[in-house]
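**Q** pasting the sequence and the predicted coordinates here, then a few questions.
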Amino acid sequence: MKLTDYKSKNDLPSDPEELRELLWSSILDNLFLTEQNTLLRNGVYAKSSEKKIVADDNQLVIEGLLELIPNVAPVQKDTYVETTVKKRRVKHPGRNAIPESIETETHIIDLSEQEKKCHNGCGDMVQIREEKRTVIERIPAKYVKHVYVQKVYGCNKCKDAIVAKEMPLISPLPRILPGTDLLLFVILSKYQFHLPLYRIQRMIFHESRIWFTRSTLCGWVAEICVPLKRIYDELVKNVKSGDCIHSDDTGIRCNGKSNFMWTYVNGAQTVTVFDYRESRGAAAPREFLTGVPVGSYLMTDCYASYNDAVKKHELLQLTCMMHVRREFVEAFETGYCKAFNTKALQYIRQLYRIESFVNSRDGLNEKERVTLRYHVRQRCSKPILDKLKHHLQNPDTTMVPKCRTAKAINYALNHWNNIVRYLERGDLPIDNGVSERVIRDLAIGRKNWVQVMSDNGGRQTAILFSIIATCKLNTINPSDYLKDVLLKIAIRPEGASVSDLTPVEWLKANNNGTLPEKQPLYPSPN
């Protein structure tokens, strides 16, 4: 009988064994529902950061790492004297510098000649100082209608020769009204700054009193995606040509239906591609990954749809450590087996500390850093992973099989070979964080423009998000890139290669053929 079939105490079985089974089933159901309720409440009310889970026990981490380093002399215990130190107030760094490229207008506030005379009759006063105040103003967008008149000349006598100067390239697309700047404003407002088209439509109207219908704006987006599809195809080739690919997926609404956007990032984390699909089935990664070299690495979560692609294309799968950590974070938040989960999270934290240590070393080129990372992983990360596996296989506490902690243990052990595969090389990633960061922009935009209205709209979204996200990965301003490339690709013959117009190659061409060191696109997150 189900629990819902019992209407009163008289319906309970009299057999002790049946009662024991019923009680145990109720305990498991209660534990499951309690954990689900805790996770749902945390999802609504608690902070989403995972850093809060384990206390910042630096001493424990240091002691664990020191055990792995041989020939370290024991540290003598020192005697400490307790003192009181007055905390100094941190000096404000001041305003950020205003770029010199900003147009400057100087306004002189001066007295008249009569006012410069001393009121006591002493004569003319002299200037003793200047007091300045700087104010930054914003001039609203200015819309200009450019009319290009092409004068055509011919001979009235022979009526044979007709001469006209060639019309300059004034727009990346023929037969449409907007110029390059207006076109970029619409595209970047939606796909970089996540504004829905109706807001862009109203912004243009308030600034210019020009009313473009939303269908007109959609037509502009569709038109610009035709030449950009050539660059998108080059990005797909770049992602497939590498020996390591990151992949993840997220949902996107299409005219009321639930469709999906898959993302793929190359191992160097310089190119990303979005792939719009109508389903989340195995066909999506299997079809996209066709042509990837045999033996390439594929970094994913443990979603089963990747299994077919891994098997068919003979790929080596890597499992994201962030997903492993998230399982134990959720188990920790339920409050069940807290000490066990804390220790597992501390081991994972040590693994990330090791990665951070290698990434923070200065004065190394990429090859030296990869070599260092490989040796440090073999010497330090591998023993920690062995301890983590032993901890998971031999829990020091009794737990019910269906609890979140047991689920986290099974998740890690079932994919253990894929989890530790990143130790094989120094250039393999420990997690799939880059894919999740790339998808975040799509998730933010999805909350604003809600859905695409057709499958063609989904594919256009994939093209534009791929190019803008690739620009961001390389700290390129998408506006600068697109303004230059759109005019170049407009005169590039159909079928000609556009490999030199991808964001990475464009950046190299503007930096003497080399990739500059990545700098933040914005001065600070604040």
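**A** Now that the structure is in, tell me what you want to look at.
**Q** can we go C-alpha only for contacts and neighbour counts from here?
**A** Noted.
**Q** list the buried residues in stretch 88-102.
**A** Within stretch 88-102, no residue counts as buried by 16 or more other Cα atoms under 10 Å.
**Q** actually stretch 336-354, not the one I wrote
**A** For stretch 336-354, burial by neighbour count (16+ other Cα under 10 Å) applies to 336-337, 340-342, 344-354.
**Q** from the chain's centre, how far out does it sit?
**A** Chain-centre distance of stretch 336-354: 25 Å, with Cα atoms, centre = their mean, to the nearest Å.
**Q** do the same with stretch 383-396
**A** In terms of Cα atoms, centre = their mean, the centre of stretch 383-396 is found 32 Å from the chain centre.
**Q** tell me which of the buried residues of stretch 336-354 is nearest to Ile162?
**A** Lowest distance from Ile162 to the buried residues of stretch 336-354 (Cα to Cα) belongs to Tyr352, with 72.4 Å.
**Q** next one: that closest one from Leu197, what distance?
**A** 41 Å (Cα to Cα, to the nearest Å).
**Q** kindly report the same for Ile245.
**A** Distance of Ile245 to Leu197, computed by Cα to Cα: 33 Å.
**Q** tell me which of the two has more neighbours.
**A** Neighbour totals were compared for Ile245 and Leu197, and Ile245 leads with 29 against 20 (other Cα atoms under 10 Å).
**Q** list phi and psi for the more buried one.
**A** Reported as degrees, to the nearest 10, the phi and psi values for Ile245 are phi -130, psi 130.
**Q** ok, Trp506 - contacts?
**A** Trp506 makes contact with Tyr481, Asp500, according to Cα atoms under 8 Å, 6 or more residues apart in numbering.
**Q** name the helix or strand for it, please.
**A** Using DSSP states H and E, Trp506 maps to helix 503-509.
**Q** related to what we said a few turns ago, among the buried residues of stretch 336-354, which are in strands?
**A** Judged by DSSP state E, the buried residues of stretch 336-354 include no members of strands.
**Q** Ile170: which of those is nearest?
**A** Nearest member of the buried residues of stretch 336-354 to Ile170, counting by Cα to Cα, is Tyr352, at 51.6 Å.
**Q** how far away is the residue positioned nearest the centre of the chain from Lys472?
**A** The residue lying closest to the centre of the chain (Cα atoms, centre = their mean) is Arg437, at 2.1 Å. Distance, Arg437 to Lys472, by Cα to Cα: 11 Å.
**Q** which neighbours do the two share?
**A** In contact with both Arg437 and Lys472: no residue, using Cα under 8 Å, 6+ apart.
**Q** helices along the stretch 1-150 of the chain, start to end?
**A** Counting by DSSP state H, counting those that start in this stretch, the stretch 1-150 of the chain has helices at residues 16-45, 58-66.
**Q** mean pLDDT lowest where, among those helices?
**A** Ranked by mean pLDDT, the helices of the stretch 1-150 of the chain end with helix 58-66 in last place, scoring a mean of 53.
**Q** following it, which helix or strand comes up?
**A** strand 152-154.
**Q** how about that following strand: buried residues?
**A** Result for strand 152-154 [16+ other Cα under 10 Å]: no buried residues.
**Q** what's the answer for stretch 484-494, then?
**A** Buried-residue list, stretch 484-494, by 16+ other Cα under 10 Å: Val485, Leu486, Leu487, Ile489, Ala490.
**Q** same question for stretch 470-487.
**A** In stretch 470-487, counting by 16+ other Cα under 10 Å, buried: 470-476, 478-479, 481-482, 485-487.
**Q** contacting residues around that stretch?
**A** Taking Cα under 8 Å, 6+ apart as the rule, stretch 470-487 contacts 169, 171-172, 180-181, 184, 188, 227-228, 269-273, 468, 501, 503-504, 506-507, 518-521.
**Q** next one: stretch 148-162 to chain centre, how far?
**A** 57 Å.
**Q** mind checking the end-to-end distance for it?
**A** OK, stretch 148-162 end separation, Cα to Cα: 19 Å.
**Q** does the residue nearest to the centre of the chain belong to a helix, a strand or coil?
**A** helix (DSSP: H, G, I helix; E, B strand; the rest coil).
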